[in-house]
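Colleague: can you look at this prediction? I've put the sequence above it.
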Amino acid sequence: DTVTISVNTPPLANAGLDRQINLPLGASTVDVTLDGSGSSDSDGTVASYTWTGTPDPDDVVSPVVSLGAGAYVFTLVVTDDDGAVSAADTVTISVNTPPVADAGADQALNLALGASTVDVTLDGGGSSDSDGTVAAYSWSGTPDPEDTATPVVALGAGEYVFTLMVTDDDGAISEADEVIIRVSIPPVADAGPDQGLSLALGASTVDVTLDGSASSDSDGTIAAYDWSGVPEPADTVNPVVSLGAGTHVFTLVVTDNDGAVSAADTVVISVNAPPVANAGPDQDIDIPYVELSGKAGPGMVDVTLDG
């Protein structure tokens, strides 16, 4: 008489390879498919799959779980067609949060007097990654900045938009962030044409209106007028000063709506004193009498006036 003893080999669970996954831009979760298809049974077939973890997966060969940022461990145990149960196998799923690009605050700058460009430092130093580090910076714009945290660009007058994207140490890429740089041209001061005036008869001063109205700003407006001289004019576009005889020089500097300050411009006001007439001293003159034909009468005499 014989008896047959069959010894069943337990199956092997295979929960798949550990994985690093990045959240899509703007998403709070990502769907991840677990993979138990590598499980096997050398002397039969795998009959069932039992997954555990948080969230708890379905007990199928390839369940789908919705995961937020973080690290997750899932465990798989399989049972074969003879009821043998495998040892547990685990898989780790790491879900990475994308970094955040920060291109810095918008900037308003003024060209220096006489300069055609200004060096501007862009600032991506505020970019961050909540679960790692920022590994790379990618700037775009015209002119094209270097791909560093704080590149320097030379800009002429105008408005410029630069875009920054960053990549973290897990390879996740941020959404784009923009910064606007506005470079202003300094205004031009115009103190008006030189003036020549005469004092009225009997007057010691004359009121003169200075004229800064021709001052201009090609990319904005004039916000303030700053006059200097003796006497000190009011800081308006057309101040009035009371001037005596002589030569007077006044200087005008203007500031535009972006805070840029002009070069100085001057105006010369010449006030002329009227001439003084001098007819000379009064004179007493004796006119001689001349007798002609026995008659006497007044004669004539030459008189010189002295002015």
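Modeller: Yep, that arrived.

Colleague: low-confidence ranges in the stretch 1-150 of the chain?
Modeller: Within the stretch 1-150 of the chain, no stretch has pLDDT under 70.

Colleague: strands of that one, start to end?
Modeller: 19-22, 30-33, 46-52, 64-67, 70-80, 89-96, 107-110, 118-121, 134-140 (DSSP state E, counting those that start in this stretch).

Colleague: out of these, which is closest to Ser218?
Modeller: strand 107-110 (12.6 Å; C-beta to C-beta). From N, CA and C alone the C-beta is placed, and that goes for glycine too.

Colleague: distance between that closest one and the chain's centre?
Modeller: 5 Å (C-alpha atoms, centre = their mean, to the nearest Å).

Colleague: Ala135 contacts Ile173, correct?
Modeller: No: assessed by C-beta atoms under 8 Å, Ala135 is found out of contact with Ile173, at 10.4 Å.

Colleague: any residues in contact with both of the two?
Modeller: Counting by C-beta atoms under 8 Å, 6 or more residues apart in numbering, the shared contacts of Ala135 and Ile173 are 166-167.

Colleague: endpoints of stretch 108-117, how far apart?
Modeller: 14 Å (C-alpha to C-alpha, to the nearest Å).

Colleague: pull the residues that contact that stretch.
Modeller: Outside of stretch 108-117, the residues within contact range by C-beta under 8 Å, 6+ apart are 118, 120, 154-157, 181-186, 258-263.

Colleague: same thing with stretch 32-39?
Modeller: With C-beta under 8 Å, 6+ apart as the test, stretch 32-39 has contacts from 11-16, 19, 21, 46, 49, 51, 57, 61-67, 74, 76, 78, 86, 89, 91, 93, 95.

Colleague: mind listing what's buried in it?
Modeller: 32, 34-36, 39 (16 or more other C-beta atoms under 10 Å).

Colleague: so how many other residues sit close to Ser228?
Modeller: Using other C-beta atoms under 10 Å, Ser228 has 14 neighbouring residues.

Colleague: for it, what are its contacts?
Modeller: Counting by C-beta under 8 Å, 6+ apart, Ser228 touches 250-251, 253.

Colleague: again, but for Ala136
Modeller: Counting by C-beta under 8 Å, 6+ apart, Ala136 touches 147, 166-167.

Colleague: I am finished for the moment; much appreciated.
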